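> Let's see this in three dimensions:
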Amino acid sequence: MGNEKKNQFGGKILPFIRIGIAILGVLILSLSISRLVYPYGVGAWEAFNWMPATHLLEGKNPYAFAFTPPYGMSPYGIVYYALIAVGVQIFGYQIWFGRILSVLAFVVCIWAVVRIVGKLAHGKEVVWFACLAGLAMFPAQIWISVMRSDLIAAAFAFSALALVFTFEEDEKISFWSVSATVLLSSAAFFTKQTYLLPTGIIFLRFLQLKKWREAVIFAVGLVFLVFGGMFLLNQTSSGGYVWQHFTHAQRLPYSLAQCADVFIEMLKNPTFFFSLVCLIIFAFQNRKFFNRLSRAEAIKIARSPKFLIFGYLLLSFVWSFFSAGRVGGAANYYIENSFLLAIAIGLIFEQFKRNALPNLALAMIFLLTVGGAFQIFRILRGEYFRWQSLSYYQEVFETVGKVVPPGSKCISIEAEMVVWNGCAFNFDDHEEYNGTWSPELIEIFEREIKAGRYAAVLWMDDKFTERFPNYRLIKMSQSLPERFFPIYLYVPEQPPMKSE
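This is a model prediction of the structure:
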């Protein structure tokens, strides 16, 4: 009788889950295509990644140029820059290759969510629901098809997690499988350094499985690769790697108010809020069960992979909350947490299946679909305004080509505007060279511009001449973008100085 109810449950709700996946899938595909074909940056300073990639192609360490021309800060890991370098080497300076990597990384993350839930839960409707939950999470939606490291790092990390959570206690794990978890975990770290929690979870999962030898191999291999890689990067950059990623990074402004602001913004997204409500309800419904546990039962639960997933989710919440407190913190700090939420919601959904609660399950499907679609429509609205502003950016780009001699040095908040006009761009991460937290970088920036070395500066406001009167603003005939950030073109009053 119980199995008959479960089968009826799955038969009733599976079509609705698939409809939800189709709706969100079409919307995400539309968003991805819009960004893939948009010719310029989407406001995430994507083309800045070209400078570190170019250094790699020239056989140079990208972390060695904070204080020397062409002046570049490289906040991401070497694996990410190597991937972008592949695209630059084959296709030249373009943005679409990195955006495609982001889309593929998103697909990999959804695959990992589905694979983990499929291993820990039962029933294809639960697996399909986890896929729906993954598609509905806002942080991944907003960063898809953007040439940034966030989703790529998540793809490496969740691939390693998917691998280790499919191992069985009575299964013989090969050396190559353990090596794969080491390589994927290291790649995640060397793509974006905030991906530390997955390595601890993988190690704990090996311990849960009583795979002591594999746990040691994983830990030793990871330490060797990570610290060995950091040592080589630091040695070949004359200390630039440690200075950029640790010494300088510690000086970035940090605020608990910023943590709270980002979290509140996350709560305003329907699927994030709804997922938290589900977690609270789940915890409340199971509180008596945990109170009655014997010591033996508690140990058994502690060795459960589901317990590890929920523990990971809790740690990830704390990590995401406090990490977002640094300057520039935004929804991307919750990407890892969001995919974990999708896994957790999938496991909670299984409990509703087990209790044969189709109405509650249908409500979850409806809320995730509608909430996820609402979020994507908001993002697509932003895409509409971006395309409405294209004529302005096109005029800026064409004007640069007219007033700047090819081969000149330029500075631009959107590097493609000058690079595609044959201009060598300097100061790739303008925020680092203008932030109050790094006086030595500000000094370099001001010294170079006052010396008149740059044929053009493309800036984010119209106050640049107040700071640097040796430059003048060239106004565009097109109106400024109404709901998207403008770019202002400045040229020197006198011809640029020749490089020394």
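
> Now do the strand or helix carrying residue 13: which elements does it pack against?
Residue 13 is part of helix 2-37, with elements assigned from DSSP states H and E. With contacts defined as 3 or more C-beta pairs under 8 Å, 6 or more residues apart in numbering; DSSP states H and E, helix 2-37 has these neighbours: helix 96-120, helix 124-136, helix 335-354, helix 358-388. C-beta coordinates here come from the backbone N, C-alpha and C atoms, glycine included.

> Tell me where the model's unsure across this protein.
1-11, 44, 286-295, 297-298, 354-358, 496-500 (pLDDT under 70).

> middle-most residue in it, spatially?
Nearest to the mean C-alpha position of the chain, by C-alpha atoms, centre = their mean, lies residue 150 at 1.9 Å.

> Next up, the contacts around that residue.
143, 192, 332, 335 (C-beta atoms under 8 Å, 6 or more residues apart in numbering).

> So what's the residue count around the nearest residue to it once chain neighbours are set aside?
Leaving aside its chain neighbours, residue 150 sits nearest to residue 332 (4.6 Å; criterion: C-beta to C-beta, 6 or more residues apart in numbering). Using other C-beta atoms under 10 Å, the number of residues around residue 332 comes to 25.

> Quick check: residue 332 touching residue 139?
Yes. Between residue 332 and residue 139 a contact is recorded at 6.2 Å, counting by C-beta atoms under 8 Å.

> Please tell me how far residue 14 sits from residue 494.
Taking C-beta to C-beta, to the nearest Å as the measure, residue 14 falls 71 Å from residue 494.

> who has more neighbours, those two?
Between residue 14 and residue 494, counted using other C-beta under 10 Å, residue 14 has the larger neighbour count: 17 against 8.

> Residue 127 is in contact with the more buried one, correct?
No. Here residue 14 does not reach residue 127: they are 10.2 Å apart, not a contact under C-beta under 8 Å.

> Quick check: neighbours shared by the two?
Counting by C-beta under 8 Å, 6+ apart, nothing touches both residue 14 and residue 127.

> sec struct for the residue nearest to residue 150, please.
Here residue 332 is helix, with the state taken from DSSP: H, G, I helix; E, B strand; the rest coil.

> residue contacts, it?
Residue 332 sits in contact with 139, 142-143, 148, 150, where contact means C-beta under 8 Å, 6+ apart.

> now do residue 483
382, 385, 388-389.

> Let's see the ChimeraX selection covering just the buried ones among these.
Applied in ChimeraX, the following selects the buried portion of those according to 16 or more other C-beta atoms under 10 Å:
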select :382,389
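
> Make TSV from the contacts of residue 483 and add distance to residue 24 to it.
Compiled in TSV, the contacts of residue 483 are given as follows (distance: C-beta to C-beta, whole Å):
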residue	distance to residue 24
382	17
385	22
388	25
389	27
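
> Relative to residue 166, which of the contacts of residue 483 is nearest.
Checking the contacts of residue 483 against residue 166 with C-beta to C-beta, the nearest one is residue 382 at 38.1 Å.

> Distance of that closest one relative to residue 406?
Taking C-beta to C-beta, one finds residue 382 at 34 Å from residue 406.

> What are the buried residues along stretch 315-331?
Buried residues in stretch 315-331 (16+ other C-beta under 10 Å): 316-317, 319-321, 323-326, 329-331.

> first to last residue in it, what's the distance?
Terminal residues of stretch 315-331 lie 17 Å apart, using C-alpha to C-alpha, to the nearest Å.

> From the chain's centroid, how far away is it?
For stretch 315-331, the separation from the chain centroid amounts to 12 Å (computed by C-alpha atoms, centre = their mean, to the nearest Å).

> Going forward, the N-terminal residue is numbered 19.
Right, with 19 as the first residue, what we last looked at is stretch 333-349.

> can you list contacts of it?
156-157, 160-161, 212, 215, 270-274, 276-277, 280-281, 283-284, 351-352, 354-355, 358, 449, 453, 455.

> For ChimeraX, write a command that selects the buried ones of those.
Burial among those is assessed by 16+ other C-beta under 10 Å; the matching ChimeraX selection reads:
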select :156,157,160,161,212,215,276,277,280,281,284,351,352,354,355,358,453
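
> Now intersect the contacts of stretch 333-349 with the helices, please.
Judged by DSSP state H, the contacts of stretch 333-349 include 156-157, 160-161, 215, 274, 276-277, 280-281, 283-284, 354-355, 358 as members of helices.

> Closest to residue 107 out of those residues?
residue 161 (24.8 Å).

> Can you give me the distance of the closest one to residue 60?
10 Å.

> Check residue 356 too.
20 Å.

> Looking at those two, which is more packed in?
Each of residue 356 and residue 60 has its neighbours counted (other C-beta under 10 Å); residue 356 has more, 27 against 20.

> for the more buried one, what are its contacts?
For residue 356, the contacting residues are 155-158, 290, by C-beta under 8 Å, 6+ apart.

> With residue 255 instead?
Residue 255 neighbours (C-beta under 8 Å, 6+ apart): 79-82.

> change it to 7 Å
When the contact criterion is C-beta atoms under 7 Å, 6 or more residues apart in numbering, the partners of residue 255 are 79, 81-82.

> between those residues, which is nearest residue 390?
residue 81 (38.3 Å).

> Could you count how many residues lie near that closest one?
Count around residue 81 with other C-beta under 10 Å applied: 26.

> doesn't residue 251 make contact with it?
Yes. Between residue 81 and residue 251 there is a contact under C-beta atoms under 7 Å: 6.2 Å.

> Could you tell me which residues touch both of these two?
residue 259.

> picking that back up, any idea how far the residue nearest to the centre of the chain is from residue 218?
For residue 168, the distance to residue 218 (C-beta to C-beta) stands at 20 Å.

> what's the most buried one of the helices and strands packed on helix 20-55?
When the helices and strands packed on helix 20-55 are scored by mean count of other C-beta atoms under 10 Å, the highest mean neighbour count falls to helix 142-154 (a mean of 26).

> on contacts alone, who are the packing partners of that helix?
Packing contacts for helix 142-154, counted by 3 or more C-beta pairs under 7 Å, 6 or more residues apart in numbering; DSSP states H and E, involve helix 20-55, helix 114-138, helix 353-372, helix 376-406.

> Alpha carbons of that helix, in PDB - could you do that?
Output in PDB follows, covering the C-alpha atoms of helix 142-154 (Å, rounded to 0.1, in the frame of the first residue of the first chain):
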ATOM      1  CA  LYS A 142      13.200  10.200 -10.200                       C
ATOM      2  CA  GLU A 143      10.700  12.900  -9.200                       C
ATOM      3  CA  VAL A 144      13.100  13.900  -6.300                       C
ATOM      4  CA  VAL A 145      16.000  14.100  -8.800                       C
ATOM      5  CA  TRP A 146      14.000  16.200 -11.200                       C
ATOM      6  CA  PHE A 147      12.900  18.500  -8.400                       C
ATOM      7  CA  ALA A 148      16.600  19.000  -7.400                       C
ATOM      8  CA  CYS A 149      17.200  20.100 -10.900                       C
ATOM      9  CA  LEU A 150      14.300  22.600 -10.700                       C
ATOM     10  CA  ALA A 151      15.700  23.900  -7.400                       C
ATOM     11  CA  GLY A 152      19.100  24.400  -8.900                       C
ATOM     12  CA  LEU A 153      17.700  26.300 -11.900                       C
ATOM     13  CA  ALA A 154      15.700  28.600  -9.600                       C
END
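
> Sweet, I'm off.
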